[in-house]
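>>> Here's a sequence, model it:
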Amino acid sequence: MGFHFRFGPGDLLRCRFSLSPRWETQEAVRVLLRPHRQGYHLPWIRQVRAAAEGLDLRPLWLLMPNKGHNPDFLSPPPLGPSVTFEEELARIRAYDPEPVREDLRRSLACTPGALESDIGRRMLADPARAVRELADLYEQAWEALIAPHWPRLRGLLEADILFHSRRLAAGGLEALFDGLHPDLRWQEETGTLTIDKHGHHDRTLDGQGLLLMPSAFVWPEVVGGYDPPWQPTLVYPARGIGALWTASPDRAPEALARLLGRARAEVLCALHEPASTTALAHRLGLAASTVSTHLKALRAAGLLVPSRHGHQVLYERTPLGIALASGSPAGDVPV
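Numbers count the residues shown, from 1 in each chain. Okay, the predicted model is just below:
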């Protein structure tokens, strides 16, 4: 039992990270259905409750069985490292409706009563219409549940990718997989990554490599699979979700504010994880242009260093920046 990804020599060079706003929308809808996933997200649920009650999410929930098949046509893995929701939704709308009926039937059969329900019969009777209506419903869910919070969510996911990319560079696949989820096991002697879970899936990667996607809403699970022709994909809980919906960090120390100015000190202290200009602006309640100006000044002072991930630039503190933000004595600054 379990899900097995079997690596060949070429696959080791083709592992990549990505993030997916469409996936986060899907899993946010699933969180509203699954109480065991809600622990970290209660503040978010309180914020979106009224908007969620205005949506009829039943067609999507019928296609989210506790165990079994989830429709592949609704979940194409992202094609690049930083795609937009609109780009991902366009792929769903353009999907060939011919294989959709069987995909829907397999999923509905995994939820008791779904095949015989009015909604299930309606979807099976006209798969082309089902694709349109499900895509429209995902768009409504994105706008109501995720889009207002996307800068915060994207900042978390980007920081996770940066962390694990460095872990991969420093220790290889063993170090990477060891830190993603307790249900993952990497067997170097056979080149096999296994997810310990009910069910069975066995996929030889055949040179495609593995797509790795952090998710804020998939916790506490790790998800893997996708049958051909989709890219083999592993979705795991992002680091730091425990603080995702908490308030902004405490104000910067007065001594640091006198040295740098209050606004720049707040920006420096907010960078406890690498973040983009947009994510910081959302976190601090400031205009992105204002944050950008402060980042440039802090970088020029040697307190920050930028790194590029796809189309995004993430900023993190240098050792001197860490020492100033934490109040460490000058002699404790790492070199």
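
>>> List the buried residues in stretch 129-144.
130, 131, 134, 135, 137, 138, 139, 140, 141, 142, 144 (16 or more other CB atoms under 10 Å). For every residue, glycine as well, the C-beta is placed using N, CA and C.

>>> didn't the fourth one look like it was pressed against residue 88?
No. Applying CB atoms under 8 Å as the test, residue 135 and residue 88 come out as separate, 10.2 Å apart.

>>> can I get the buried residues of stretch 129-144 in JSON lines with pLDDT, secondary structure and distance to residue 66?
Output for the buried residues of stretch 129-144, formatted as JSON lines (pLDDT from 0 to 100; DSSP: H, G, I helix; E, B strand; the rest coil; distance: CB to CB, whole Å):
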{"residue": "130", "pLDDT": "96", "secondary structure": "helix", "distance to residue 66": "22"}
{"residue": "131", "pLDDT": "96", "secondary structure": "helix", "distance to residue 66": "24"}
{"residue": "134", "pLDDT": "97", "secondary structure": "helix", "distance to residue 66": "20"}
{"residue": "135", "pLDDT": "97", "secondary structure": "helix", "distance to residue 66": "24"}
{"residue": "137", "pLDDT": "97", "secondary structure": "helix", "distance to residue 66": "21"}
{"residue": "138", "pLDDT": "97", "secondary structure": "helix", "distance to residue 66": "21"}
{"residue": "139", "pLDDT": "98", "secondary structure": "helix", "distance to residue 66": "26"}
{"residue": "140", "pLDDT": "98", "secondary structure": "helix", "distance to residue 66": "24"}
{"residue": "141", "pLDDT": "98", "secondary structure": "helix", "distance to residue 66": "20"}
{"residue": "142", "pLDDT": "98", "secondary structure": "helix", "distance to residue 66": "24"}
{"residue": "144", "pLDDT": "97", "secondary structure": "helix", "distance to residue 66": "25"}
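
>>> dump the residue contacts of residue 105.
115, 124 (CB atoms under 8 Å, 6 or more residues apart in numbering).

>>> Just after the helix or strand where it lies, pick out the following helix or strand.
Per DSSP states H and E: residue 105 is located in helix 100-108. If you walk from helix 100-108 toward the C-terminus, the next helix or strand you reach (DSSP H and E) is helix 118-125.

>>> Mind giving me the packing neighbours of that following helix?
Helix 118-125 is packed against helix 58-62, helix 100-108, helix 127-141, with contacts defined by 3 or more CB pairs under 8 Å, 6 or more residues apart in numbering; DSSP states H and E.

>>> Which stretches in the protein count as helices?
Applying DSSP state H to the chain gives helices spanning 21-33, 42-53, 58-62, 85-93, 100-108, 118-125, 127-141, 150-178, 254-260, 262-270, 277-284, 288-300, 319-326.

>>> want to try a markdown table for the ones you listed, with distance to residue 4 as columns?
Output for the helices of the chain, formatted as a markdown table (distance: least, CB to CB, whole Å):
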| stretch | distance to residue 4 |
| --- | --- |
| helix 21-33 | 22 |
| helix 42-53 | 34 |
| helix 58-62 | 29 |
| helix 85-93 | 27 |
| helix 100-108 | 21 |
| helix 118-125 | 32 |
| helix 127-141 | 30 |
| helix 150-178 | 13 |
| helix 254-260 | 51 |
| helix 262-270 | 41 |
| helix 277-284 | 36 |
| helix 288-300 | 44 |
| helix 319-326 | 41 |
